[in-house]
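Engineer: Let me see the structure of the following:
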Amino acid sequence: MFQSFDVTSTPQFGKQRVEALRTRFEALGIDGFLVPRADEYQGEYVPASAERLAWLTGFTGSAGQVLVTATQAVVFVDGRYVTQLAEQVDGTVFTGGDLVGEPPHKWLSAHATKGFRLGIDPWLHTSAEVRRLEKALAALDGSLVFLSDNPLDAIWDDRPAEPLGTVAIQTDSYAGVLAKDKIARICSELTDKGHAAVLVTDPSSIAWIFNIRGSDVPHTPHPLARAILYADGSADLFLDQRKTGIEVEAYLGQLCVQRAPGELTERLAVLAGQGGRIMVDPDLAPFALCELIRAHGGTIVEAHDPAKIPRAVKNTVELNGSAAAHLQDGVAMVEFLYWLEQNHPGNVTEIGATQALEAARRQVGERMQNPLRDISFDTISGAGEHAAIMHYRVTTASDRPIRSGEMFLIDSGGQYVNGTTDITRTVAIGAVPEEQKRFFTLVLKGMIAISTARFPKGSRGCDLDPLARIALWKAGADFAHGTGHGVGSFLSVHEGPQRISRLSTQELLPGMILSNEPGYYRPGAFGIRIENLVYVREAEAVEGGDMPMLGFETLTFVPIDKYLVVTEMLTREELHWLDGYHQRTRDELMPLIHDPKIRGWLELATEPFSR
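Structural biologist: Sure, this is the predicted structure:
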């Protein structure tokens with residue numbers, strides 16, 4: 001499941017499909033219908049069978065919702081996708097909405113008519129989302145209508161089948177902790193709190209708890225499955241047996257009872273009927289399952305997914321695996337950057353660059369006997385004005401040459417059995433204007449600020465986010481995305497709850513892996529992003545200090561384009577960090593590279609500015 005460049009975007013059918021949906025409103029007793037970019041498992045990546053938002057609107061971003069009423073169709077996206085939305089949807093049918101500033105529940109409060117009846121598919125929305133919608137509608141004397149069948153599915157004639165991706169065991173040598181020990185710890189916590197069971201609905205948590213990996217959705221190796229863990233130490237795993245072979249079934253048989261996905265509602269109903277206290281994460285579980293528990297007499301105890309924090313806090317084996325994966329990935333990136341430089345400007349297109357980098361990852365993986373299992377997300381490969389689209393996805397229709405005199409941004413990653421990578425580099429193709437170098441250096445200052453940050457225990461992502469922006473702010477600029485997201489261990493490249501952003505109140509804990517990726521984007525002109533992955537660690541004690549501190553350890557080692565750096569804008573400490581980073585990049589990668597020409601390129605790319 002690697003990258004495809006013929007993206008399924010069908011804006012020409014938007015009007016027809018919206019009208020077909022509206023014709024069903026009267027029979028369903030609704031005035032509008034909300035379509036999220038989500039499946040029944042609430043994952044970022046969804047199977048083709050759940051791409052309802054893209055099918056209806058033509059918008060293919062990874063986050064968004066569309067609210068269709070009798071007279072309007074509003075597509076809500078965040079700042080990353082404003083430009084993409086305008087390019088992908090029919091502007092005569094759809095209008096843009098603000099997913100962050102005025103999400104659907106706030107839009108309804110401001111714009112919906114009195115008595116408005118909003119239809120939703122209760123499998124595609126969490127309990128937390130439902131509460132927000134119900135509160136907004138109640139203020140209008142309106143109501144939320146839970147539909148037993150999704151009306152879009154009735155008009156989606158060629159909807160793909162649900163996936164049956166193969167499941168594999170994630171061995172202890174990569175997981176670091178036995179699945180039976182993870183299950184035992186969670187069940188012990190249930191006993192301590194007097195709960196009968198916990199319903200786990202996040203597929204990444206399922207993969208982590210049971211030490212398995214899947215292939216149901218693009219780029220994220222988790223199986224679409226759910227589980228119930230009980231206080232007595234037993235577990236039910238609702239995973240289609242068509243996904244598991246004899247070896248995996250034998251392995252799982254020692255940990256749980258493997259059941260068909262369709263048995264989940266029956267088992268939950270029985271458990272709820274016994275009056276059990278069932279722990280559920282309201283931000284992850286579909287409302288349909290929560291309502292089922294209540295309807296059968298069970299008590300829902302709202303709490304965070306018990307795997308969320310343990311999964312985010314990587315153990316030593318996972319951190320060592322990630323470090324090794326990043327060195328391997330770094331070799332592939334260096335080979336790619338060398339290849340790019342050898343090609344005459346204009347001879348390589350955005351798609352050609354994407355394919356070359358994927359090929360380099362494959363070849364290095366074969367050489368180092370650690371195959372590339374997948375890319376970790378669709379590569380963002382944008383030259384010039386395309387780089388200004390934060391989550392630009394090149395297609396055969398948008399592909400263009402990478403020309404001299406512009407910057408080229410490539411944001412990519414790999415999935416390896418020992419780790420997940422994510423890296424962005426922005427490089428100059430020939431000579432570029434001084435203004436672009438200035439903004440590159442401002443972004444670099446922000447990236448260095450995060451890399452070198454020291455912060456007290458208890459600090460949150462929102463506390464650190466300004467460090468990445470202050471240089472840009474002083475220049476009257478900013479960027480409309482978070483500074484960093486959590487990253488999994490051969491799991492999702494976007495893993496919560498850890499983030500570095502204005503909105504993140506999650507405490508940063510030792511072992512958490514995050515991206516460090518400030519940027520700057522001038523629409524229609526150029527875009528810049530520089531990204532490394534880092535992990536939280538205990539910081540060395542400072543003489544005279546009076547409290548323990550945390551800091552970051554860098555995982556990513558790939559040269560930063562020195563040509564784009566205006567050294568006069570860097571402080572002595574920043575320049576020292578950059579030279580030290582390049583020296584370590586050379587030390588780490590040189591033993592893994594055998595081609596003398598590429599070794600020579602790496603040596604030049606990591607030469608220090610100061611001696």
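Engineer: In contact with the residue nearest the centre of the chain, which residues are there?
Structural biologist: Centroid-nearest residue in the chain, with CA atoms, centre = their mean: residue 494, separated by 2.6 Å. The contact partners of residue 494, taken as CB atoms under 8 Å, 6 or more residues apart in numbering, are 44, 377, 485-487. C-beta: built from backbone N, CA, C; applies to glycine.
Engineer: swap the cut-off to 10 Å and go again
Structural biologist: Contact partners of residue 494, counting by CB atoms under 10 Å, 6 or more residues apart in numbering, are 43-45, 62-63, 220, 376-377, 420, 422, 485-488, 515.
Engineer: Compare those residues and tell me which is most surrounded.
Structural biologist: With neighbours defined as other CB atoms under 10 Å, the most crowded of these is residue 420; it has 31 neighbours.
Engineer: how near is that one to residue 512?
Structural biologist: As defined by CB to CB, to the nearest Å, residue 420 lies at a distance of 14 Å from residue 512.
Engineer: Mind listing the shared neighbours of those two?
Structural biologist: Overlap of the contact sets of residue 420 and residue 512 (by CB under 10 Å, 6+ apart) consists of 487, 495.
Engineer: In which helix or strand does the residue nearest to residue 605 when sequence neighbours are not counted reside?
Structural biologist: With sequence-adjacent residues excluded and distances taken as CB to CB, 6 or more residues apart in numbering, residue 605 is closest to residue 559, at 3.9 Å. With elements delineated by DSSP states H and E, residue 559 resides in a region that no helix or strand encompasses.
Engineer: Wait, residue 559 touches residue 608, no?
Structural biologist: No: here residue 559 lies out of contact with residue 608, judged by CB atoms under 10 Å, at a distance of 11.9 Å.
Engineer: Can you pull out the low-pLDDT segments for the stretch 201-350 of the chain?
Structural biologist: Nowhere does the stretch 201-350 of the chain drop to pLDDT under 70.
Engineer: where along it do the strands fall?
Structural biologist: With DSSP state E, counting those that start in this stretch, the ranges of strands along the stretch 201-350 of the chain come out as 212-213, 226-230, 235-238, 257-259, 277-280, 299-302.
Engineer: Of those strands, which is nearest residue 408?
Structural biologist: Each of the strands of the stretch 201-350 of the chain has some distance to residue 408 by CB to CB; the shortest is strand 212-213, at 32.8 Å.
Engineer: what sits against the closest residue to residue 602 other than its chain neighbours?
Structural biologist: With CB to CB, 6+ apart as the measure, residue 334 is the residue that lies nearest to residue 602, at 5.6 Å, once sequence neighbours are left out. Going by CB under 10 Å, 6+ apart, residue 334 touches 360, 364, 557-559, 585, 589-590, 592-593, 595, 598-599, 601-602, 605-606.
Engineer: now swap in residue 473 and tell me
Structural biologist: With CB under 10 Å, 6+ apart as the criterion, the residues that contact residue 473 are 442, 446, 466.
Engineer: Give me the helix or strand of the protein that scores worst on average pLDDT.
Structural biologist: Among the helical and strand segments of the chain, the one scoring lowest on mean pLDDT, DSSP states H and E is helix 82-88, with a mean of 84.
Engineer: The next helix-or-strand element following it pairs with which strands, and in what direction?
Structural biologist: Downstream of helix 82-88, the first helix or strand assigned by DSSP H and E is strand 95-98. With DSSP bridges as the test, strand 95-98 is paired with strand 73-77 (parallel).
Engineer: Which one's more surrounded, residue 559 and residue 608?
Structural biologist: residue 559 (22 against 14).
Engineer: Tell me how far that one lies from residue 206.
Structural biologist: From residue 559 over to residue 206 the distance is 38 Å, taken as CB to CB.
Engineer: Residue 389: neighbour count?
Structural biologist: 24.
Engineer: And for it, nearest residue in space, chain neighbours not counted?
Structural biologist: residue 83 (4.7 Å).
Engineer: Give me the longest helix you can find in this protein.
Structural biologist: For the chain, the helix with the greatest residue count under DSSP state H is helix 316-342.
Engineer: I'd like the next helix or strand past that helix.
Structural biologist: helix 350-367.
Engineer: Name the residues of the longest helix of the chain that come out as buried.
Structural biologist: 317-319, 321-340 (16 or more other CB atoms under 10 Å).
Engineer: follow-up on the earlier one: out of the strands of the stretch 201-350 of the chain, flag the one nearest residue 114.
Structural biologist: Closest of the strands of the stretch 201-350 of the chain to residue 114 is strand 299-302, at 31.2 Å (criterion: CB to CB).
Engineer: Other residues contacting that closest one?
Structural biologist: Contacts of strand 299-302 from elsewhere in the structure, counted by CB under 10 Å, 6+ apart, are 127-128, 190, 193-199, 272, 275-283, 285, 289-291, 293-294.
Engineer: How far away from the center of its chain is that strand?
Structural biologist: Averaged C-alpha coordinates place strand 299-302 at 28 Å from its chain's average position (CA atoms, centre = their mean, to the nearest Å).
Engineer: in the stretch 351-500 of the chain, which spans are helices?
Structural biologist: Listed in chain order, the helices of the stretch 351-500 of the chain (DSSP state H, counting those that start in this stretch) span 434-451, 461-474.
Engineer: Taking their axis directions, the first one and helix 461-474 sit at what angle?
Structural biologist: By that I understand helix 434-451. Between helix 434-451 and helix 461-474, the angle comes out at 160 degrees (axes from the mean of the first three to the mean of the last three CA atoms, to 10 degrees).
Engineer: burial measure for the nearest residue to residue 333 once chain neighbours are set aside, as a count.
Structural biologist: Distance criterion CB to CB, 6+ apart; nearest residue to residue 333, sequence neighbours excluded, is residue 558 at 4.5 Å. By the criterion of other CB under 10 Å, residue 558 has 24 neighbours.
Engineer: What of residue 511?
Structural biologist: Residues within reach of residue 511, counting by other CB under 10 Å, total 17.
Engineer: Now do the same contact list for it.
Structural biologist: Residue 511 makes contact with 310, 312-316, 318-319, 498, 535-537, according to CB under 10 Å, 6+ apart.
Engineer: And those residues, which is closest to residue 141?
Structural biologist: Nearest to residue 141 out of the contacts of residue 511 is residue 498 (CB to CB; 40.7 Å).
Engineer: For the closest one, the count of nearby residues, please.
Structural biologist: 25.
Engineer: isn't it right up against residue 483?
Structural biologist: No: when contacts are counted by CB under 10 Å, residue 498 is not listed as touching residue 483 (11.9 Å).
Engineer: who touches both of those two?
Structural biologist: Listed as contacting both residue 498 and residue 483 by CB under 10 Å, 6+ apart are 461, 504, 514.
Engineer: Name the nearest of these relative to residue 79.
Structural biologist: Using CB to CB, residue 504 is the member of the shared contacts of residue 498 and residue 483 that lies nearest residue 79, at 15.7 Å.
Engineer: now the helices for the stretch 51-200 of the chain?
Structural biologist: Listed in chain order, the helices found in the stretch 51-200 of the chain under DSSP H, counting those that start in this stretch are 52-57, 82-88, 104-111, 127-138, 151-155, 172-175, 179-193.
Engineer: Pipe the ones you listed into TSV and attach distance to residue 470 and mean neighbour count per row.
Structural biologist: Listed next are the helices of the stretch 51-200 of the chain as TSV, based on distance: least, CB to CB, whole Å; neighbours: other CB atoms under 10 Å:
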stretch	distance to residue 470	mean neighbour count
helix 52-57	36	23
helix 82-88	24	19
helix 104-111	30	17
helix 127-138	33	18
helix 151-155	45	17
helix 172-175	38	16
helix 179-193	40	16
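Engineer: Now tabulate the ones you listed in CSV and tack on distance to residue 303.
Structural biologist: Output for those, formatted as CSV (distance: least, CB to CB, whole Å):
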stretch, distance to residue 303
helix 52-57, 29
helix 82-88, 35
helix 104-111, 23
helix 127-138, 12
helix 151-155, 32
helix 172-175, 24
helix 179-193, 8
